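[1] I need the structure of the sequence given here:
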Amino acid sequence: MLEWDCDRLVRNDRVIWASCMVACQDADAMITGNTRRYSSSLEKIIKVVDPRPGEIMFGLNLVVNRGKTIFICDTSVIEYPDAKQLAEMAKSAARVAKLFGFDPKVAFLSHSTFGEPATDRTKRLSDAVEILKSDKVDFKFDGEMQPDVALEEMYKELYPFSEIVGNSNVLIMPSQHSAAISYKMIKSMSRAKVIGPLLIGLGLPIEIAPLRSSTSDILNLASIAAYSADVIDYKKN
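    Numbers count the residues shown, from 1 in each chain. Coordinates of the predicted model:
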């Protein structure tokens, strides 16, 4: 944990006070936000709680629709991740998917598919794929690809060399704004259940509810924070 003067930080700030409670093990988990901007809550929390060793922090949303669950990141923290950050997000998102009982199949999304068309903005994604290949990770991944290629089985015949075309369940977005726009459009225009964003990579089970979260949204985040407190050993590096 960060070194901090509890009396100084806690004074007149409920977010920091509650974070201190979790850090001191007076509470198992925490949920905050809803009445303030996400970034404002996160700024206060990280005064008390460090990221998990070896991980970066990012937002991860679950979308449940017609019996299928997909994970979307980063929806809330890193505005424009570089190739290394994209690769690290993929590793952490795959770990979380496994905790929820899924076999992660990670797709790096873009406006192009496997280099067509190739632009400066797609290179970060293809570089992230190469990083994962060199790291020899234990989950399937590929990219870059458009979202319909990642999700719809009809495209398997067009790209037989990829194991995840048509059945991806972890979607790494090229930027925060594209991720946030995508999940909010899904939430507004379909019957899909959207949960999150989960705050991944923080050193304690703390979640931040975005502005305008419903009671159901808050309860879902609280349930996941409690679940995380039970199944994740936050003391382990």
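[2] which regions of the protein sit below the pLDDT cut-off?
    Scanning the chain for pLDDT under 70 picks out the ranges 1-12, 118, 120, 236-237.
[3] hey, where'd the helices end up in it?
    With DSSP state H, the ranges of helices along the chain come out as 6-10, 14-23, 38-45, 83-99, 120-135, 147-151, 176-189, 215-231.
[4] Dump these into JSON lines; add mean neighbour count and distance to A209 as well.
    All C-beta atoms are positioned from the backbone trio N, CA, C, and that covers glycine. Formatted as JSON lines, these follow (neighbours: other Cβ atoms under 10 Å; distance: least, Cβ to Cβ, whole Å):
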{"stretch": "helix 6-10", "mean neighbour count": "13", "distance to A209": "21"}
{"stretch": "helix 14-23", "mean neighbour count": "20", "distance to A209": "12"}
{"stretch": "helix 38-45", "mean neighbour count": "18", "distance to A209": "9"}
{"stretch": "helix 83-99", "mean neighbour count": "20", "distance to A209": "18"}
{"stretch": "helix 120-135", "mean neighbour count": "16", "distance to A209": "29"}
{"stretch": "helix 147-151", "mean neighbour count": "20", "distance to A209": "26"}
{"stretch": "helix 176-189", "mean neighbour count": "16", "distance to A209": "14"}
{"stretch": "helix 215-231", "mean neighbour count": "16", "distance to A209": "5"}
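[5] can you tell me which of those helices comes nearest to A29?
    helix 215-231 (3.8 Å; Cβ to Cβ).
[6] Contacts for that closest one, please.
    Here helix 215-231 makes contact (Cβ atoms under 8 Å, 6 or more residues apart in numbering) with 28-31, 34, 99, 195-196, 198, 205-210, 213.
[7] could you give the angle of it to helix 83-99?
    Interaxial angle of helix 215-231 relative to helix 83-99 (axes from the mean of the first three to the mean of the last three Cα atoms, to 10 degrees): 90 degrees.
[8] measure I172 to L62 for me?
    15 Å (Cβ to Cβ, to the nearest Å).
[9] quick one: stretch 202-222 to chain centroid distance?
    The chain centroid and the centroid of stretch 202-222 are separated by 13 Å under Cα atoms, centre = their mean, to the nearest Å.
[10] Distance to G166 added to the helices of the chain, as a markdown table?
    As requested, these are exported to a markdown table (distance: least, Cβ to Cβ, whole Å):
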| stretch | distance to G166 |
| --- | --- |
| helix 6-10 | 49 |
| helix 14-23 | 41 |
| helix 38-45 | 33 |
| helix 83-99 | 17 |
| helix 120-135 | 18 |
| helix 147-151 | 7 |
| helix 176-189 | 18 |
| helix 215-231 | 28 |
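[11] And these: which comes nearest R52?
    With Cβ to Cβ, the closest approach to R52 among the helices of the chain belongs to helix 83-99: 8.6 Å.
[12] for the closest one, packing partners?
    On a contact count with 3 or more Cβ pairs under 8 Å, 6 or more residues apart in numbering; DSSP states H and E, helix 83-99 meets strand 58-65, strand 68-73, strand 105-109, helix 120-135, strand 170-172, strand 193-200.
[13] Between I172 and L62, which is the more surrounded one?
    Neighbours were counted for I172 and for L62 using other Cβ atoms under 10 Å; I172 has more, 29 against 22.
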